[in-house]
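Visitor: fold the following and give me the result.
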Amino acid sequence: GAAFVVVAEEGAMKAAGGAASARLVDWAIVGVAPRIMGCGPVPAIEKLLQRQSLTVADIDYWEINEAFAAVNLHAEYKLGIPRDRTNLYGGGISLGHPPGATGARMTIVAMQHLREKGGRFAIISMCMGAGQGMAVLVENIA
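Guide: Sure thing, here's the model as predicted:
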């Protein structure tokens with residue numbers, strides 16, 4: 001699979017004749033013990049929410065990569081993330097997990113969901129090998 005997302009400063013995007021679909025607000029990358037690498041999204045999301053003074057309830061949509069089903073279940077349980085706002089179009093298990101394209105695919109889906117449903121914020125999160133976790137906050141501006 002292949003996917004891409006253009007990340008640009010607003011002025012440069014306008015000068016090139018483009019229009020932004022969402023705003024990249026912030027991101028967080030953390031490390032956890034490699035033996036629990038699937039748990040990385042939880043502290044990454046916590047760090048991101050805290051830094052932005054947001055709560056789980058402030059987030060309209062969640063894309064959490066299902067490298068393994070337990071990753072989503074763990075995040076839902078630990079953070080109280082509602083399942084009815086998470087991976088509504090399928091996740092890595094049902095759609096596939098092509099290395100290098102997963103994050104872009106998840107971001108595009110989150111942006112599309114915000115646009116279609118009129119939501120404001122989405123968080124995209126995944127665990128990565130060797131005990132890393134990342135989370136990205138995007139804001140709908142369309």
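Visitor: quick check: next helix or strand after the host helix or strand of residue 106?
Guide: Using DSSP states H and E, residue 106 sits in helix 102-117. Per DSSP H and E, the first helix or strand lying C-terminal to helix 102-117 is strand 121-128.
Visitor: so that next one versus helix 102-117, what angle?
Guide: Taking axes from the mean of the first three to the mean of the last three CA atoms, to 10 degrees, one finds strand 121-128 and helix 102-117 inclined to each other by 160 degrees.
Visitor: before we move on, back to that, pull the CA atoms of the helix holding residue 106 into CSV?
Guide: Extracted in CSV, the C-alpha atoms of helix 102-117 (Å, rounded to 0.1, in the frame of the first residue of the first chain):
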residue,chain,number,x,y,z
THR,A,102,-0.1,3.1,8.0
GLY,A,103,0.3,6.5,9.7
ALA,A,104,-0.6,8.4,6.6
ARG,A,105,-3.6,6.3,6.0
MET,A,106,-4.8,6.7,9.6
THR,A,107,-4.3,10.5,9.4
ILE,A,108,-6.2,10.8,6.2
VAL,A,109,-9.1,8.8,7.7
ALA,A,110,-9.2,10.9,10.8
MET,A,111,-9.2,14.1,8.8
GLN,A,112,-11.9,12.8,6.5
HIS,A,113,-14.0,11.8,9.5
LEU,A,114,-13.7,15.2,11.1
ARG,A,115,-14.7,16.9,7.9
GLU,A,116,-17.7,14.7,7.3
LYS,A,117,-19.0,14.8,10.9
